[in-house]
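In: just to be clear, the model below is a prediction. Sequence and coordinates:
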Amino acid sequence: MTRPPLTFVGNDPYPRRRGDWADLGRTAVQLLSEREKGYPAMVAAQKLDQALADARIRVMRAVVAIWRAVLNDEALPEPNDFQTRFGATWEEMREDLDRAAARARELARRQRDNRDAAVQAELVEALAWQHQPVCAGSGPHIWLSHDYQQWERRRAAS
């Protein structure tokens, strides 16, 4: 497959913990668990619409599935095929993780002396970053990084 030339979107600094793939996978599982445990009460209290709760759980399940595939060294499909394999589009994942990162940063800001909240914010921010495009017309960081890592392993083995 031929890809168009890469055009970088920005030069923002890289987030801390972006390379801690195992921690990022655990963070995705934790976010999913929090939703599965917390959303039913929020829906019952009418603080969250059931359809929105279901959609957010579906999207986070897709994020978890991607990270499981990465950590199990499985091939990832093209980003346009994420919905077919994982149950959510890449755009849905990006938007959801951006909201989760903003919420984690806000919680950490309100709890300045809570190191766990600060670490959680860094991890969620790095997770969101991994789902942003590397450059215009390309896939997310994790997709390209994982693809490159698999290529390097094949090259080293030959």
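Out: Received the coordinates, thanks. No experiment lies behind these values; they were computed from the predicted model shown.
In: can you pull out the low-pLDDT segments for the chain?
Out: Applying pLDDT under 70 to the chain flags residues 1-12.
In: which parts of it are strands?
Out: For the chain, the strands defined by DSSP state E cover 7-8, 135-136.
In: wait, what's in contact with Gln120?
Out: Gln120 makes contacts with 27, 104, 107-108, as judged by Cβ atoms under 8 Å, 6 or more residues apart in numbering. In this view, the C-beta of every residue, glycine as well, is placed from N, C-alpha and C.
In: what about Trp129, distance to Gln50?
Out: In this view, Trp129 and Gln50 are 30 Å apart by Cβ to Cβ, to the nearest Å.
In: so for those two, which residue has more residues nearby?
Out: Using other Cβ atoms under 10 Å, the more surrounded residue of Trp129 and Gln50 is Trp129, with 21 against 13.
In: any chance of a ChimeraX selection covering the buried ones in the contacts of Gln120?
Out: Selection of buried members from the contacts of Gln120 for ChimeraX, criterion 16 or more other Cβ atoms under 10 Å:
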select :27,104,108
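In: want to throw the contacts of Gln120 into CSV with distance to Val43?
Out: Converted to CSV, the contacts of Gln120 look like this (distance: Cβ to Cβ, whole Å):
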residue, distance to Val43
Thr27, 24
Ala104, 22
Leu107, 21
Ala108, 26
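In: nearest to Leu76, of the contacts of Gln120?
Out: Distance to Leu76, by Cβ to Cβ, is smallest for Thr27 among the contacts of Gln120, at 18.3 Å.
In: find the nearest non-adjacent residue to the closest one, please.
Out: Leu123 (4.3 Å; Cβ to Cβ, 6 or more residues apart in numbering).
In: which ones are touching the one you found?
Out: Residues near Leu123 by Cβ under 8 Å, 6+ apart: 17, 20, 23-24, 27, 104.
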